[in-house]
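Colleague: Model the following, please.
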Amino acid sequence: MQVAIDMGETRGAGAARMDLEELLATRLLVQGNSGSGKSHLLRRLLEQSAPWVQQCVIDPEGDFVTLADKFGHLVVDATRTEAELTRIATRVRQHRVSVVLNLEGLDAEQQMRAAAAFLGGMFDADRDFWYPVLVVVDEAQLFAPAAAGEVSDEARKVSLGAMTNLMCRGRKRGLAGVIATQRLAKLAKNVAAEASNFLMGRTFLDIDMARAADLLGMDRRQAEQFRDLARGHFVALGPAISRRPLPIVIGAVETSARSTSPKLTPLPEAPVDAADLIFSVDPEELARPVVRRPPPPPPPSTNELLAQVARARAEREPDAPTTLFPEIDEAEREAMIKAVMAELMGDPDAGFRTTAVLYQDFLVRCRIRRIPGEPPALPAFKRLLAIARVAPDEEVAASDGWQQALSLSETLSDDVQGVFLVVAQAALTGQACPSDATIARLYGTHSASRARRLLTWFEERGLIVIRTDFRGARIAAFPDLGVETAPGDPNGPDALTDERGAAE
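Modeller: Here you go, the predicted structure:
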């Protein structure tokens with residue numbers, strides 16, 4: 001059954017309709033800066049589709065609880081234990097009830113844990129209850145952050161895992177993810193990449209405009225239009241909406257959020273005794289209960305961890321082997337890890353595989369080689385991956401310039417560190433500036449325009465200076481290192497592919 005959801009109007013092309021059945025199969029990503037109308041868009045979508053499909057809203061600010069009055073959504077207060085939330089989510093799928101998970105009043109880590117428990121319960125429901133559910137997650141960057149923040153690694157891991165399951169594996173279980181974020185750069189790429197429909201609103205930062213334009217198949221000049229979009233105006237693309245970028249204006253809604261944009265209001269007249277009003281205790285304040293979930297237990301201190309290790313060693317039998325693998329020193333272990341990274345990067349398709357896939361391949365290779373000790377965690381692996389893509393010789397690796405380049409690369413995100421180090425190595429060794437094809441391969445794309453935008457972004461941050469000689473060759477200078485590359489043809493072939501082909 002095909003159901004067309006009325007989202008508003010297009011510019012001169014009539015009503016903007018979204019195919020609900022196609023949306024359930026292909027998911028939706030909404031981006032826009034604060035005040036661009038994302039929550040209004042989500043409310044319009046929820047109201048229009050409420051009669052047709054079960055809904056679940058992950059609501060960090062309590063804005064969508066008003067849906068209960070008009071459309072009968074059940075509001076689930078998240079001030080419960082994680083086990084309770086998981087069981088409630090299972091019953092929600094069993095009885096096909098539309099719900100709003102109200103996370104208002106919880107801190108960031110508690111919100112992540114509560115959302116992960118609830119989404120996990122919906123994801124793990126029995127096969128008999130895999131009915132279609134529209135799962136809307138507002139402020140998705142809070143639950144699937146691209147980088148570690150102030151929350152614990154455990155909370156971030158469980159929340160990111162739940163969001164990944166929703167977007168990557170949820171379709172076969174009837175879960176259709178609709179995620180909204182203020183910035184694509186703050187949202188984990190493996191979560192955002194699974195959406196096939198996009199609604200892009202007002203955006204000001206260059207990196208976010210570039211990513212939005214790339215998702216919509218637009219060039220850099222067309223990306224400037226995202227700065228000029230008014231509130232409630234979006235550019236839509238996807239199989240459920242339009243096969244070409246389509247400007248739309250979101251229509252009116254029947255319900256309203258409890259929180260609204262701040263309006264200027266005249267200050268009240270000064271009271272007779274302001275100090276008495278402020279510093280006197282109101283009896284009603286003392287009687288008002290404060291309901292909050294208990295904070296998570298603090299992590300153990302270093303002394304406690306050392307004591308636990310000492311007790312474990314004392315309880316170990318004298319003749320018991322300390323490890324299943326032969327004991328080796330740290331230098332030999334690092335050499336084995338480097339060998340695994342070199343073998344991993346020897347794959348011609350490694351440049352176009354996601355970091356998550358490469359990390360799983362890396363862990364398998366470490367087990368095959370029986371490398372002792374705990375394998376590097378994902379953040380450490382990303383750093384190893386960026387350096388392995390460069391693979392400098394021993395003389396360059398020991399130079400002060402290379403160490404300074406490594407320090408500069410730490411200020412960049414994981415996905416662009418490898419590109420920066422490749423260009424820096426070319427400058428330190430006097431080689432030609434890499435071509436657009438080489439940079440695109442290192443960045444994990446086939447688009448030469450994205451490679452040029454990345455170099456421009458490096459230049460805007462003051463890391464490099466790009467200039468062109470009279471022959472049209474490109475030169476990249478590094479002010480902090482005091483070196484520059486030799487002239488290189490930006491339209492040349494992929495040097496990495498040529499080198500591997502010659503070696504084979």
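Colleague: Next one: Ala257 relative to Gln55, how far apart?
Modeller: Noted for Ala257: a distance of 16 Å to Gln55, by Cβ to Cβ, to the nearest Å. Placement of C-beta: from N, CA and C, glycine included.
Colleague: and those two? which has more neighbours close in?
Modeller: Gln55 (24 against 17; other Cβ atoms under 10 Å).
Colleague: and that one, what helix or strand is that in?
Modeller: In this assignment (DSSP states H and E), Gln55 forms part of strand 54-59.
Colleague: Can you name every helix or strand that that strand contacts?
Modeller: Judged by 3 or more Cβ pairs under 8 Å, 6 or more residues apart in numbering; DSSP states H and E, strand 54-59 is in contact with helix 38-49, strand 99-102, helix 108-123, strand 133-137.
Colleague: Downstream of that strand, the next helix or strand is which one?
Modeller: helix 67-71.
Colleague: Could you verify my assumption that Gly462 touches Thr411?
Modeller: No - if you go by Cβ atoms under 8 Å, Gly462 and Thr411 don't touch, sitting 10.5 Å apart.
Colleague: Tell me which of the helices and strands packed on strand 54-59 sits nearest to Pro145.
Modeller: helix 108-123 (8.9 Å; Cβ to Cβ).
Colleague: Now do the closest one, average pLDDT.
Modeller: Across helix 108-123, the average pLDDT comes to 92.
Colleague: between that helix and strand 54-59, how big is the angle?
Modeller: 170 degrees (axes from the mean of the first three to the mean of the last three Cα atoms, to 10 degrees).
Colleague: Helix 108-123 - contacts with which helices or strands?
Modeller: Judged by 3+ Cβ pairs under 8 Å, 6+ apart, the packing partners of helix 108-123 are strand 54-59, helix 82-95, strand 99-102, strand 133-137, helix 153-164.
Colleague: sorry, back to before: turn the helices and strands packed on strand 54-59 into CSV, columns for mean neighbour count and distance to Phe198.
Modeller: CSV is the format used below for those (neighbours: other Cβ atoms under 10 Å; distance: least, Cβ to Cβ, whole Å):
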stretch, mean neighbour count, distance to Phe198
helix 38-49, 22, 12
strand 99-102, 24, 24
helix 108-123, 24, 22
strand 133-137, 25, 15
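Colleague: Nearest to the spatial middle of the chain, which residue is it?
Modeller: With distances taken as Cα atoms, centre = their mean, Ala188 lies nearest the centre of the chain, 1.5 Å away.
Colleague: Excluding chain neighbours, what is closest to that one?
Modeller: Using Cβ to Cβ, 6 or more residues apart in numbering and skipping residues adjacent in sequence, the residue nearest Ala188 is Ala144, 4.4 Å away.
Colleague: Could you check how far that neighbour is from Gly217?
Modeller: Using Cβ to Cβ, Ala144 is found at 24 Å from Gly217.
Colleague: Neighbour count: those two, which is higher?
Modeller: Under the criterion of other Cβ under 10 Å, the comparison of Ala144 against Gly217 puts Ala144 first, with 27 against 10.
Colleague: now the angle from whichever strand or helix holds Arg365 to helix 153-164?
Modeller: Per DSSP H and E: Arg365 is located in helix 355-368. If you take the same axes, to 10 degrees, helix 355-368 sits at 120 degrees to helix 153-164.
Colleague: helices and strands around helix 355-368, which ones?
Modeller: Looks like helix 355-368 contacts helix 330-345, helix 378-388 (3+ Cβ pairs under 8 Å, 6+ apart).
Colleague: What's the mean pLDDT across the longest one?
Modeller: Yep, that's helix 330-345 we're talking about. Average pLDDT, helix 330-345: 79.
Colleague: so how far is that helix from its chain's centroid?
Modeller: 29 Å (Cα atoms, centre = their mean, to the nearest Å).
Colleague: Any buried residues in it, and which?
Modeller: 336-337, 340-341, 344-345 (16 or more other Cβ atoms under 10 Å).
Colleague: cool, stretch 53-71 as well?
Modeller: 53-68.
Colleague: Give me the distance between the two termini of that stretch.
Modeller: 12 Å (Cα to Cα, to the nearest Å).
Colleague: cool, and stretch 140-152?
Modeller: Taking Cα to Cα as the measure, stretch 140-152 stretches 18 Å from start to finish.
Colleague: list the buried ones in stretch 476-496?
Modeller: 476-478, 481, 483-485, 487-488, 490, 492, 494-496.
Colleague: Revised request: answer the last question for stretch 240-254.
Modeller: Those would be 240-242, 245-251, 253, for stretch 240-254 by 16+ other Cβ under 10 Å.
Colleague: Select from these every entry located in strands.
Modeller: 242, 245-250 (DSSP state E).
Colleague: Return the member of those residues nearest to Ala15.
Modeller: Nearest to Ala15 out of those is Ile248 (Cβ to Cβ; 9.4 Å).
Colleague: and the closest one, what does it touch?
Modeller: Contact analysis of Ile248 by Cβ atoms under 8 Å, 6 or more residues apart in numbering lists 7-11, 16, 199, 233-236, 241.
Colleague: Repeat that for Arg365.
Modeller: 340, 343-344.
Colleague: Can you add distance to Ala116 and give these back as CSV?
Modeller: Below are those laid out as CSV (distance: Cβ to Cβ, whole Å):
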residue, distance to Ala116
Val340, 32
Glu343, 35
Leu344, 30
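Colleague: Low-confidence ranges, the stretch 251-400 of the chain, go.
Modeller: Applying pLDDT under 70 to the stretch 251-400 of the chain flags residues 258-263, 270-274, 277, 285-301, 303, 305, 312-329, 348-353, 386, 389-392.
Colleague: What is the end-to-end distance of stretch 125-145?
Modeller: OK, stretch 125-145 end separation, Cα to Cα: 26 Å.
Colleague: centre of the chain versus it, how much separation?
Modeller: Its chain's C-alpha centre and that of stretch 125-145 lie 16 Å apart, by Cα atoms, centre = their mean.
Colleague: Show me what counts as buried in that stretch.
Modeller: By neighbour count on 16+ other Cβ under 10 Å, the buried set for stretch 125-145 is 125, 129, 132-145.
Colleague: Just to check, Thr26 is in contact with Ala240?
Modeller: Yes - because the distance of 5.8 Å satisfies Cβ under 8 Å, Thr26 is recorded as touching Ala240.
Colleague: Next, show the common contact partners of the two.
Modeller: Taking Cβ under 8 Å, 6+ apart as the criterion, Thr26 and Ala240 both touch 196-197.
Colleague: what's around Glu84, how many residues?
Modeller: Neighbours of Glu84 (other Cβ under 10 Å): 16.
Colleague: swap that for Ser399, sorry
Modeller: Per other Cβ under 10 Å, the neighbour tally for Ser399 reads 14.
Colleague: Contact partners for it?
Modeller: Neighbours of Ser399 in contact, by Cβ under 8 Å, 6+ apart: Leu428.
Colleague: Check the average confidence over stretch 234-243, would you?
Modeller: pLDDT averaged over stretch 234-243 gives 88.
Colleague: Span of it from start to end?
Modeller: 15 Å.
Colleague: With stretch 404-415 instead?
Modeller: Note: stretch 404-415 ends 19 Å apart using Cα to Cα.
Colleague: quick one: low-confidence parts of the stretch 1-150 of the chain?
Modeller: Using pLDDT under 70, the flagged stretches of the stretch 1-150 of the chain are 1, 12-13.
Colleague: again, only using 80
Modeller: 1-2, 11-13, 147-150 (pLDDT under 80).
Colleague: And the strands in the stretch 401-504 of the chain?
Modeller: For the stretch 401-504 of the chain, applying DSSP state E, counting those that start in this stretch gives strands covering 465-468, 474-478, 483-484.
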